[in-house]
Each structure stands twice: as C-alpha cells, then as structure tokens.
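Asker: Would you be able to build a 3D model of this:
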Amino acid sequence: MLSLLLAASAAVQPAPVTAPTPAPMMIFFDSGGKEIRKEWEPVLDEAAKAAAAGSRLRIVGHSDRSGSASGNRRTSLERARVVADALVARGVAVATLTVEGQGEDNPFLPTADGVREIQNRRVDISPDR
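Answerer: Residues are numbered from 1 along each chain as shown. Predicted coordinates for the structure are as follows:
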C-alpha cells in the first residue's frame, strides 16, 4: 500500500515556476513629436538599469492614426531611435538593443482613422527574448 502511495505522489510533479513577463515600459509623445519630455526620464533610467542587469531590450515605436500610414511608420521608427539614443547616452550598449517601428499597426487604444491619441504615440521598452 505504501509503495502505491509513493508511486502516485512521484507521478504528480508540480508545474515549473516561471517568472512573469514584465509589462513593457512606455514613453508617450506629443502629436507629431519626437522629443522625450522630462517626465519620462525615470522610465529611461529604469530601462538602463534593466540593461545593466543583463537584459537585452526591444524598443518598439508606435503612432496614432492621425497621419498617413507610411508617415506614421517613419515617425514611430524615429521615436524608437530617439529612445535608443537616450539609452545609449545612459551607458546601454547598442548591441543589446533591438529597434523597430510599427506605425499605427499595434495601437494601445484602437481608434478610427485620423484620430489623435496620446496612448498610441508611444515607445514600448521590454526585455528582448
């Protein structure tokens, strides 16, 4: 009987514990803007600390739907590059950064075409896995 209990308990293994995926850090931009406002400096500092701790970072720029799709893609990439440059200025190695622009393709808050929405004019910074 004891051998049956031991066999049954050995067959049930707890699921491995994995760390939750951290939420991306976000920096928001003014309409048409590519400058990082002072209020977003702490986000850059946090991202630089993550990089210093060994994380590779993925930097993804986004835009709202107020301009043309091609212009929004270009602006989103420019915003991502501005954030990458700010991180490099904080000592983050360029080789640890992946930079891309998604334009209006991945809105934080879906809107109709032509709508300005600050939550969509953002750069997401997250661990690059």
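
Asker: Need the pLDDT of residue 122.
Answerer: We note a pLDDT of 97 for residue 122 in this prediction.

Asker: pLDDT below threshold where in this structure?
Answerer: Applying pLDDT under 70 to the chain flags residues 1-22.

Asker: need the strands for the protein, in chain order.
Answerer: Listed in chain order, the strands of the chain (DSSP state E) span 25-28, 57-61, 97-101, 122-127.

Asker: Could you check how far residue 120 is from residue 111?
Answerer: The gap separating residue 120 from residue 111 is 7 Å, by C-beta to C-beta, to the nearest Å. Where you see a C-beta, it was placed from the backbone N, CA and C, and this is true even at glycine.

Asker: quick one: which of the two has more around it?
Answerer: Neighbours per residue (other C-beta atoms under 10 Å) separate residue 120 from residue 111, with residue 120 holding more: 23 against 16.

Asker: what touches both of residue 120 and residue 111?
Answerer: 64-65 (C-beta atoms under 8 Å, 6 or more residues apart in numbering).
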